[in-house]
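Q: Sequence first, then the predicted structure, then my questions.
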There are 2 protein chains.
Amino acid sequence: MASVTRIMLGVNESSLKGYPHPSISSKGAFEWTINKIVRNNVTAFNLLFVHVQVPDEDGYDDMDSIYATAEDFKNMKERERIRGIHLLEYFIKRCNEIGVACQGWIRHGDPKEVICHEVKRQRPDFLIVGSRGLGPFQKVFVGTVSEFCWKHAECPVLSIKRTADETPQDPVDD
Amino acid sequence: MASVTRIMLGVNESSLKGYPHPSISSKGAFEWTINKIVRNNVTAFNLLFVHVQVPDEDGYDDMDSIYATAEDFKNMKERERIRGIHLLEYFIKRCNEIGVACQGWIRHGDPKEVICHEVKRQRPDFLIVGSRGLGPFQKVFVGTVSEFCWKHAECPVLSIKRTADETPQDPVDD
């Protein structure tokens, strides 16, 4: 048997308000991977978590803030960094509990492009992306990372749609 | 840990001439699944092979045949049936060698529709489909089962593209 199977997971924050926590689809994809693929064979897998922060969008949470000096922007950047770290911490902690090896890192840019680039760079055995499972009409407005990765990532891609009972009131939320 | 993980694989015949053998992408997807997911945890997985025979296309191999009586058509149908069984035999044998539980069955119709229907009927934990990894121009002419299943199958879908060195002279062949 070859060396461990390296699985890359693209993870992102929830769009629902509150403390930075993983999106419904990221969390679902992770738990599914553990239950259905890793199972009790924990030493055979290595999970690689990529969190891509979108530079402009992330600023929206700071709408109440007033930016007056260069220092304010530096503070915002620092808050973003901390949010990203908290997100990764969630997954890293879960992996430690389960006993499966893992790594996580943060990148900036367009998530779909960055994830495909990270696949090129890290050469995982496959990539897992959660998906909101939106219909074609909703997709026009929000794009889909999973569809782009499915087409362009240079490795096998597993896409995991959110189940109907996980879908929030507004399905564009995640 | 829950019951075994049930993986459905859509498998088809090669379009290259000769004895009925699996397509390059079906074989590749199967071996990949064993090496990267099942690994040595053979008792934790159950592989479900679905082979969909396309009623009209399968007749092409019989171009030299003369159909004069109802009996001739019956013979053709019988040959088709045998080809399908030989194809499944390949995968079932490999699974027996490896020691992983499996089942295989044959259906008739449009592969993409039938596979999605079998997902509904069998409720596997996920579906694996091999893909030729054709560019958008070639896709116009041949359609892709994997893309349709990725969008419509009611379970997570893992698509495995053929690697560059597995691609035959004519990439539409498989």
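A: Now that the structure is in, tell me what you want to look at.
Q: What parts of chain A come near chain B?
A: A:1-2, A:5, A:32, A:35-37, A:39-41, A:44, A:125-126, A:150, A:156-161 (C-beta under 8 Å from any C-beta of the partner chain). (Each C-beta comes from the backbone N, C-alpha and C, glycine too.)
Q: one more time with 7 Å
A: Residues of chain A lying close to chain B (C-beta under 7 Å from any C-beta of the partner chain) are A:1-2, A:5, A:32, A:35-37, A:39-41, A:44, A:125-126, A:150, A:156-160.
Q: Restricted to strands, list these.
A: A:5, A:126, A:157-160 (DSSP state E).
Q: Looking at per-residue confidence, what score does the nearest residue to A:Ile37 once chain neighbours are set aside get?
A: The spatially closest residue to A:Ile37, leaving aside those adjacent along the chain, is B:Ile37, at 5.8 Å (C-beta to C-beta, 6 or more residues apart in numbering or on different chains). What the model reports for B:Ile37 is a pLDDT of 97.
Q: dump the residue contacts of A:His117.
A: Contacts for A:His117 were tallied using C-beta atoms under 7 Å, 6 or more residues apart in numbering or on different chains; there are none.
Q: Using CSV, list the CA coordinates for the helix or strand harbouring it.
A: Element membership for A:His117 (DSSP states H and E) is helix A:111-122. The C-alpha trace of helix A:111-122 is given here as CSV (Å, rounded to 0.1, in the frame of the first residue of the first chain):
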residue,chain,number,x,y,z
PRO,A,111,-11.6,30.9,-4.0
LYS,A,112,-12.1,28.8,-7.1
GLU,A,113,-8.9,30.0,-8.7
VAL,A,114,-6.9,29.7,-5.5
ILE,A,115,-8.1,26.2,-4.7
CYS,A,116,-7.1,25.0,-8.2
HIS,A,117,-3.8,26.6,-7.8
GLU,A,118,-3.3,25.0,-4.4
VAL,A,119,-4.1,21.6,-6.0
LYS,A,120,-1.3,22.2,-8.5
ARG,A,121,1.1,23.2,-5.8
GLN,A,122,0.3,20.5,-3.2
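Q: buried stuff in it?
A: Neighbour-count burial for helix A:111-122 flags A:111-112, A:114-119 (criterion: 16 or more other C-beta atoms under 10 Å in any protein chain shown).
Q: Between those residues, which sits nearest chain B?
A: Comparing these against chain B with C-beta to the nearest C-beta picks out A:Val119 as the nearest, at 12.3 Å.
Q: The closest one: what's its closest spatial neighbour, skipping adjacent residues?
A: Closest to A:Val119 by C-beta to C-beta, 6+ apart is A:Ala153, at 4.7 Å.
Q: Quick check: longest helix in chain A by residues?
A: Longest helix of chain A, by residue count under DSSP state H: helix A:70-98.
Q: centre of the chain versus that one, how much separation?
A: The gap between where helix A:70-98 is centred and where its chain is centred comes out at 13 Å by C-alpha atoms, centre = their mean, to the nearest Å.
Q: next one: stretch A:158-170
A: For stretch A:158-170, the distance to the chain centre is 15 Å (C-alpha atoms, centre = their mean).
Q: Contacts made by it with the rest, please.
A: Outside stretch A:158-170, the residues within contact range by C-beta under 7 Å, 6+ apart are A:16, A:24-25, A:28-29, A:32, A:126, A:128-133, A:146, A:150, B:150, B:156-158.
Q: List the buried residues in it.
A: Neighbour-count burial for stretch A:158-170 flags A:158-162, A:167 (criterion: 16+ other C-beta under 10 Å).
Q: got the end-to-end distance for that stretch?
A: Start-to-end span of stretch A:158-170 (C-alpha to C-alpha, to the nearest Å) is 25 Å.
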